[in-house]
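Student: I'd like to go over a predicted model; first the sequence, then the structure.
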Amino acid sequence: MDRGAVSDFITRRIETYVDKVRLEAMVSYGDGKVQLDTNRLRAIVRDEPREVTELVVRDQIEKNQKGPAGRLQLALMLATAYQLEFGDDQLMDLVGNATHGESIPYGLLMPDGVLQEETRLGSPLQVRILSIENDDPQGETVQNLIRIFAEIERQPSNAQMLHGRAALSFPHYDDDPRPNFAIPGIRACIAALDARFPYYLYYIMPEVRTEQILSYANSLLPLELFDFMPGIWAYIGTEAELIDLLFPRMLAVRRFCGMTGDDPGEITRDILLSYPEPLASAMSRVLRSADGL
């Protein structure tokens, strides 16, 4: 697959991972030599989701196949660390196949152009990037997205398979310096999703560093609750205002878990990891008092 077809969201996720390796696992010596700290590299591999490590390995293999050689070193180091940490040879086999000239597929673009999906070798799809080209909530792409999720929910097991694996991407605004949640078109799209699926937080990828949950929830808050400065933003509202926003949606998530068979406590804990501990604890207390869970 052409690299350009892969979501910018996934690209940034890979870059974050590689930067983490460089910052935390690379040791520089005075004579200009650089070496990887294998213990620290194993800790990174242990802490990161397995599918993300594989994406980075695939990314390095792909760059080695398309450009100057030498990219396989990091791929091999990561595969080795993964093998040592988990006793799993699959990533080593992937690198070994690449060194023998085998073409390694990178990803898959759905025929309708709505879902961009990263895959694991021989495994089910792990992350679904919902690429929204038209941010008008009445537009075709947004309505198709609503239709797709409504169809998925006809079978609870299908909805369960998508828990925590959806990420929203708005490529039309990639060059807009404002945070996504401050852009009117994106806010309108998320408002439409929220109106149809008040439990949509159930589907959103809860990885804190992606800020998907924060961006989604912030899009539903009044903009006057934020202070915007060049390159940064700050929430200036109260804890109570955040709880007022989250409370009905978290209750909706818990009720939806009754349909999918998920543990509502576990799901809501994952969602609240995106927020500071004091607010997460306060939200948990409110939920317990409301539904007895």
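Tutor: Received, thanks. Numbering: from 1, shown residues only.
Student: okay, CA-based contacts and neighbour counts for the rest of this
Tutor: OK.
Student: name the helices or strands packed onto the host helix or strand of residue 241?
Tutor: Assigned by DSSP states H and E, residue 241 falls within helix 239-260. Secondary-structure packing of helix 239-260 (3 or more CA pairs under 8 Å, 6 or more residues apart in numbering; DSSP states H and E): helix 156-161, helix 264-272, helix 277-291.
Student: take these and lay them out in JSON lines including mean neighbour count.
Tutor: Formatted as JSON lines, those follow (neighbours: other CA atoms under 10 Å):
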{"stretch": "helix 156-161", "mean neighbour count": "16"}
{"stretch": "helix 264-272", "mean neighbour count": "18"}
{"stretch": "helix 277-291", "mean neighbour count": "14"}
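Student: quick one: which of these is nearest residue 176?
Tutor: helix 264-272 (26.9 Å; CA to CA).
Student: could you give the mean pLDDT of that closest one?
Tutor: Taken as a whole, helix 264-272 has a mean pLDDT of 90.
Student: which other helices and strands does it contact?
Tutor: Helix 264-272 packs on helix 239-260, going by 3+ CA pairs under 8 Å, 6+ apart.
Student: if we use 10 Å, what do you get?
Tutor: helix 212-218, helix 239-260, helix 277-291 (3 or more CA pairs under 10 Å, 6 or more residues apart in numbering; DSSP states H and E).
Student: now the strands for the stretch 51-200 of the chain?
Tutor: Under the criterion DSSP state E, counting those that start in this stretch, strands of the stretch 51-200 of the chain are mapped to 108-109, 115-119, 125-131, 166-169.
Student: out of the helices and strands packed on helix 264-272, the one nearest residue 152 is which?
Tutor: helix 239-260 (11.6 Å).
Student: what number of residues lie near the nearest residue to residue 83 once chain neighbours are set aside?
Tutor: Closest residue in space to residue 83, ignoring its immediate chain neighbours: residue 89 at 5.5 Å, by CA to CA, 6 or more residues apart in numbering. Around residue 89 there are 13 other residues, counting by other CA atoms under 10 Å.
Student: many thanks, have a good one.
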